[in-house]
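*Asks:* pasted the sequence and its predicted model underneath.
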Amino acid sequence: MVLPRIKNTKKLKGTYLLPYQLRLSVCDAFAEKAQALAALFLPTAQVVISAENAHITAVEVPQQVHPEEYRLTIDDNGILIEYCTYTGLRNAMATVAMMATATKEGFLLEQIEATDYP
């Protein structure tokens with residue numbers, strides 16, 4: 001299987017451990033869809049929507065040059081997804097799943113800052 005490469009990425013130092021019981025914060029309009037995406041892409045995770053202490057925070061931002069563009073930041077604070085459209089959110093969640101390595105404690109991800117679009 002050929003995995004797409006992220007167009008613009010900057011590696012940060014360290015890794016982030018995303019627990020199997022993860023909390024997802026997202027705007028109301030996409031909450032159910034985002035929860036379904038997380039369950040689809042990270043099937044061993046138990047996903048709950050929670051604005052407090054979220055592991056993944058998804059924020060809708062004004063449209064960029066590419067409607068399906070997203071920005072992804074993974075650091076010590078967790079995972080931040082900035083997206084313009086539902087497709088951008090879906091693509092970002094797929095990228096997180098593609099980067100995740102399952103361990104006993106949860107999903108291990110490299111810390112990065114990235115911007116990508118199809």
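*Replies:* Cool, the structure landed. Numbering: from 1, shown residues only.
*Asks:* how about A94: what's its closest non-neighbour residue?
*Replies:* Spatial nearest neighbour of A94, excluding adjacent residues (Cβ to Cβ, 6 or more residues apart in numbering): F41 at 5.8 Å. (C-beta placed from N, C-alpha, C; glycine too.)
*Asks:* how near is the one you found to V65?
*Replies:* For F41, the distance to V65 equals 25 Å [Cβ to Cβ, to the nearest Å].
*Asks:* neighbour count: the two, which is higher?
*Replies:* Set F41 next to V65 and count neighbours by other Cβ atoms under 10 Å: F41 wins out with 16 against 7.
*Asks:* hmm, that one is touching M93, no?
*Replies:* Yes: if you go by Cβ atoms under 8 Å, F41 and M93 touch, sitting 5.3 Å apart.
*Asks:* return the residues in contact with the residue nearest to A94.
*Replies:* Contact analysis of F41 by Cβ atoms under 8 Å, 6 or more residues apart in numbering lists 93-94, 96-97.
*Asks:* again, but for A31
*Replies:* The contact partners of A31, by Cβ under 8 Å, 6+ apart, come to I49.
*Asks:* gap between it and E52?
*Replies:* 14 Å.
*Asks:* now the lengthiest helix in the chain: buried residues?
*Replies:* Secondary structure assigned by DSSP state H gives helix 86-99 as the longest helix of the chain. By 16 or more other Cβ atoms under 10 Å, the buried positions in helix 86-99 come out as 88-93, 95-97, 99.
*Asks:* state the distance from the residue nearest to A94 to M99.
*Replies:* From F41 over to M99 (counting by Cβ to Cβ), the distance is 11 Å.
*Asks:* now the helices for this structure?
*Replies:* Ranges of helices in the chain, per DSSP H, are 31-41, 86-99.
*Asks:* need the ones you listed in TSV (columns: mean pLDDT).
*Replies:* Shown next, in TSV, are the helices of the chain (pLDDT from 0 to 100):
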stretch	mean pLDDT
helix 31-41	88
helix 86-99	91
